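Chemist: Pasted the sequence and its predicted model underneath.
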Amino acid sequence: MPNLTAWMAGTNGRIFGAFVIAAALHVAGTIMIPGYSSSFAIRAMLVIASLLAVASIGQTLVVILGGIDLSIPFIIGFANVVAAQLYGDGWNFVAVCLLVGVMALAIGAFNGFISRKLDIHPLIVTLGVGMVVQGCVLLWTAGFPSGSAPAAVSAFVSIGGSVGPLPVPWLVPSLVVLAALIILVLARSPYGRRLYALGSNPGAAPLALIDPVKMWSITFALSALFAAVAGVLLLGFTGSAYGDVGQPYLFQTIAAVVVGGAALVGGRGNYLGTIAGVLVLTEINTLLIGLGFQPAAVQAALGLIILLYGRERHVSTTI
Amino acid sequence: MTGFLSKWRSAGFASVLLIVLLVINLPLNPARFYPSAWGALIGLAAPLIGAALASTPVILSGRGGIDISVGPLMGFVNAIVIQTLFLRAGIGTPLVLVPAALLVGALIGAINGFLTTIIRIQPIVATLGTYLVLTGVTLTILPAPIGPAPGWLKAMAGSLSILPLATIFVAWWIVRRFPYYDLLMAVGSDDRAAYTAGVDVTRVRFVAYVITGVFAGIAGLMLTALIGSADPNIGQTYTLIAVAAVALGGVSLAGGRGGLIGAAIGAIDIFLLQSVLTSFNVSIYVLQIAYGAILVAAVILTAVQERAARKERA
């Protein structure tokens, strides 16, 4: 079986490996912690994983493109606070969502446009823009956001919710459909092909009439949009607005994408891999907290897990 | 001569900003910028400058080279030096503490280098891992701030803080005398070409991580001198500001271009900027907005200027 090692080293092998590890972690948790596989615990993990999966959509697209988006936690906090505040002021919630979505798209498009057009590393641009966004939100609310989520959003993400006979809230089946759509778009649509082409060879893609600036603007705008969606969903999940709600998602989205087999240099990876990465991270978090580790130790362990992943090719193979 | 000119051009924006910020700062804070206060001023800026200097060698090595564990490493050195060595083991002499800090830095740098160059994990991911591990370990050694620092170390907070900074610059000056420096810049500019020319790319990058670690160890000592105690939560805040300072100072995040002087100027810019904003007594939120906006504006202007310069040459 000479092809097996090659397959395992490729993206599909990594994704498969990540799913296997998530399953193994779940088995380990079930053996070590009573109630780990209880219906409530599994539902809670599915909801938490789904929220992380939504926040990671944008990071996946941006990483395939060869960029990175550090503004995701700030956009999540922005959407979370603005939606709660405006809804609390008596706005129609659909209008609130539209406004937040359009603003997020604009912020993201700015990130992508500046990064590509002026050839500045997106790390710096997204970080700076994210800080401005967070500062504006804090200034507007004076640091104490108010307001709450409409009941419909809370029910959509509630751990106790159910969809017909399925004992999961609407969030989970919606995410499955969304994931299928994204995988399809990445694999089959012209946008997806351009994304991979530009990510794997930023020099050659423009010669194939792919407009890099346009692609970066669109992709970063999408990333910000999905971050905003995650922010609104988190509002329903926690019940009240909190500007720093997105902070854990900075590292977790990057970790999920990398564990799922994407290369941060671009051109490789897909959303199925990110889903696998999200499951691995959720299992690790739940397992360690269940075993009674301190948050600091959980963080350290998360760091070690990240280190087990994401090998790059040697420079000699890139010539 | 042209090399010298182009070097100044890449850090040119940061230098212009430096002068502008100094001119704004002088009338705002005359007491703070009076020559007799320069010692304290350098001491205040030293950890940030140190963090920026430490971040530079790895970024120069190219292919996404970055060490975001520099900040937590400074905090880790801070915790080891004060909590473990000074307070627990009762060792207060600089003859032990300084080598210990450098050794811890070199060791963590070597781990980062091993992870990124030999195991070949993408630098931002690998150093994110060490970032999280170091933050967790620091909080475990030192759950809450504790003090004090030994007297000689506290004395470094004033004008003597020029000493560790000078040490870094001298060390880098010596590195630049060695062929290693040329190999580093070659690898940073085009690692494939360097590899085909017979350069041991892996070793060059590994050494860059160790240098970054040692510099971060020195920066950790400067941080300890400034706060005069140990604090588990202060180190992490330096990482991203340091990267911003490096970018502002004309060091290409793609590798192979820039140097330590640019990084230092970038860090001083950011320090002066904070100084301007705080003297206006604005709320911390405005501080953050202005800080992010100027960071973005600065990198945009640097990029525009670089493009103009490139067009001029063509």
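Modeler: Nice, I can see it.

Chemist: Where does pLDDT dip in chain A?
Modeler: Along chain A, the parts satisfying pLDDT under 70 run over A:1-10, A:305-319.

Chemist: Spatially central, which residue of it would that be?
Modeler: residue A:56 (1.1 Å; C-alpha atoms, centre = their mean).

Chemist: For that residue, give me its contacts.
Modeler: A:252-253, A:256-257, A:274, A:277-278 (C-beta atoms under 8 Å, 6 or more residues apart in numbering or on different chains). (C-beta placed from N, C-alpha, C; glycine too.)

Chemist: Out of the residues you listed, the closest to chain B would be?
Modeler: The closest of the contacts of residue A:56 to chain B turns out to be residue A:257 (C-beta to the nearest C-beta; 9.5 Å).

Chemist: how many neighbours does the closest one have?
Modeler: 30 (other C-beta atoms under 10 Å in any protein chain shown).

Chemist: Quick check: residues of the stretch 51-200 of chain B near chain A?
Modeler: Proximity of the stretch 51-200 of chain B to chain A (C-beta under 8 Å from any C-beta of the partner chain) is limited to residues B:63-64, B:66, B:115, B:119-122, B:124-126, B:128-133, B:135-137, B:139-140, B:191-192, B:195-196.

Chemist: can you do 7 Å?
Modeler: Residues of the stretch 51-200 of chain B found near chain A (C-beta under 7 Å from any C-beta of the partner chain) are B:64, B:115, B:119-122, B:124-126, B:128-133, B:135-137, B:139-140, B:191-192, B:195-196.

Chemist: buried subset of these?
Modeler: With burial judged by 16 or more other C-beta atoms under 10 Å in any protein chain shown, the buried subset of these is B:64, B:115, B:120-122, B:124-126, B:128-133, B:135-137, B:139, B:191, B:195.

Chemist: C-terminal to the helix or strand of chain B with the lowest mean pLDDT, what's the next element?
Modeler: Ranked by mean pLDDT, DSSP states H and E, the weakest helix or strand in chain B is helix B:2-10, scoring a mean of 51. Counting by DSSP states H and E, the element after helix B:2-10 in chain order, helix or strand, is helix B:12-28.

Chemist: what comes up buried for that next one?
Modeler: B:12-15, B:17-18, B:21, B:25.

Chemist: wait, which of the residues you listed is closest to residue B:94?
Modeler: Residue B:94 has its nearest neighbour among these in residue B:18, at 32.2 Å by C-beta to C-beta.

Chemist: That closest one against residue B:265, yeah?
Modeler: Yes. Taking C-beta atoms under 7 Å as the definition, residue B:18 is a contact partner of residue B:265 at 5.6 Å.

Chemist: hmm, back to that, wait, is the residue nearest to the centre of chain A part of a helix?
Modeler: Yes. The assignment for residue A:56 by DSSP: H, G, I helix; E, B strand; the rest coil puts it in a helix.

Chemist: so what's residue B:111 up against?
Modeler: With contact set as C-beta atoms under 7 Å, 6 or more residues apart in numbering or on different chains, residue B:111 has these partners: residue B:130.

Chemist: now residue B:67, what's its secondary structure?
Modeler: Secondary structure for residue B:67, judged by three-state DSSP, is coil.

Chemist: Neighbours of it, how many?
Modeler: Neighbour tally, residue B:67, other C-beta under 10 Å: 34.

Chemist: which phi and psi does it have?
Modeler: phi -120, psi 100 (degrees, to the nearest 10).

Chemist: what's near enough to touch it?
Modeler: Contacts of residue B:67 by C-beta under 7 Å, 6+ apart are B:55, B:58, B:112, B:127, B:209, B:212.

Chemist: again, only using 10 Å
Modeler: B:54-59, B:61, B:73, B:108-109, B:112-113, B:116, B:123-124, B:126-127, B:130-131, B:208-209, B:212-213, B:215-216, B:239, B:242-243 (C-beta atoms under 10 Å, 6 or more residues apart in numbering or on different chains).

Chemist: Just the buried ones from these?
Modeler: Buried subset of the contacts of residue B:67 (neighbour count, 16+ other C-beta under 10 Å): B:54-59, B:61, B:73, B:108-109, B:112-113, B:116, B:123-124, B:126-127, B:130-131, B:208-209, B:212-213, B:215-216, B:239, B:242-243.

Chemist: Sort out for me which of these are in strands.
Modeler: Taking DSSP state E, every one of these sits outside strands.

Chemist: among those residues, which are in helices?
Modeler: Among those, the members found in helices (DSSP state H) are B:54-59, B:73, B:108-109, B:112-113, B:123-124, B:126-127, B:130-131, B:208-209, B:212-213, B:215-216, B:239, B:242-243.

Chemist: elements contacting whichever strand or helix holds residue A:181?
Modeler: Using DSSP H and E, the element containing residue A:181 is helix A:171-188. Judged by 3 or more C-beta pairs under 10 Å, 6 or more residues apart in numbering or on different chains; DSSP states H and E, helix A:171-188 is in contact with helix A:39-64, helix A:151-157, helix A:190-200, helix A:212-238, helix A:271-290.

Chemist: need the residues of the stretch 151-300 of chain A near chain B, please.
Modeler: Within reach of chain B by C-beta under 10 Å from any C-beta of the partner chain, the stretch 151-300 of chain A has these residues: A:250-251, A:254-255, A:257-259, A:262-265, A:293-300.

Chemist: Mind checking which of these are buried?
Modeler: A:250-251, A:254-255, A:257-259, A:262-265, A:293, A:296-300.

Chemist: Show me what counts as buried in the helix or strand hosting residue B:262.
Modeler: Following DSSP H and E, one finds residue B:262 within helix B:260-279. By 16+ other C-beta under 10 Å, the buried positions in helix B:260-279 come out as B:260-277.

Chemist: tell me which residues in stretch B:33-44 are buried?
Modeler: Buried positions in stretch B:33-44, judged by neighbour count with 16+ other C-beta under 10 Å: B:33, B:37, B:41-44.

Chemist: How about the contacts made by residue A:198?
Modeler: Applying C-beta under 10 Å, 6+ apart, the residues near residue A:198 are A:64-66, A:116, A:204-206, A:208, A:210-212, A:215-216, A:219, A:266-267.

Chemist: out of those residues, who's nearest residue A:156?
Modeler: Ranked by distance to residue A:156 (C-beta to C-beta), the contacts of residue A:198 are led by residue A:219 at 26.4 Å.

Chemist: how many other residues sit next to that closest one?
Modeler: If you count neighbours by other C-beta under 10 Å, residue A:219 ends up with 28.

Chemist: Next: residue B:288.
Modeler: Neighbour count of residue B:288, defined by other C-beta under 10 Å: 20.

Chemist: Name the residues of the helix or strand that contains residue A:27 that are buried.
Modeler: Here residue A:27, judged by DSSP H and E, is contained in helix A:11-32. By neighbour count, with 16+ other C-beta under 10 Å as the criterion, the buried positions of helix A:11-32 are A:11, A:14-19, A:21-22, A:25-26, A:29.

Chemist: can you map out the helices along the stretch 101-250 of chain B?
Modeler: According to DSSP state H, counting those that start in this stretch, the stretch 101-250 of chain B carries its helices in the segments B:123-141, B:151-155, B:162-177, B:179-189, B:191-196, B:201-227, B:237-248.

Chemist: Mean pLDDT added to these, as a markdown table?
Modeler: Shown next, in a markdown table, are the helices of the stretch 101-250 of chain B (pLDDT from 0 to 100):
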| stretch | mean pLDDT |
| --- | --- |
| helix B:123-141 | 86 |
| helix B:151-155 | 87 |
| helix B:162-177 | 94 |
| helix B:179-189 | 94 |
| helix B:191-196 | 92 |
| helix B:201-227 | 95 |
| helix B:237-248 | 83 |
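
Chemist: Could I get those in a markdown table, plus columns for distance to residue A:227?
Modeler: Output for these, formatted as a markdown table (distance: least, C-beta to C-beta, whole Å):
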| stretch | distance to residue A:227 |
| --- | --- |
| helix B:123-141 | 19 |
| helix B:151-155 | 43 |
| helix B:162-177 | 38 |
| helix B:179-189 | 32 |
| helix B:191-196 | 33 |
| helix B:201-227 | 31 |
| helix B:237-248 | 18 |
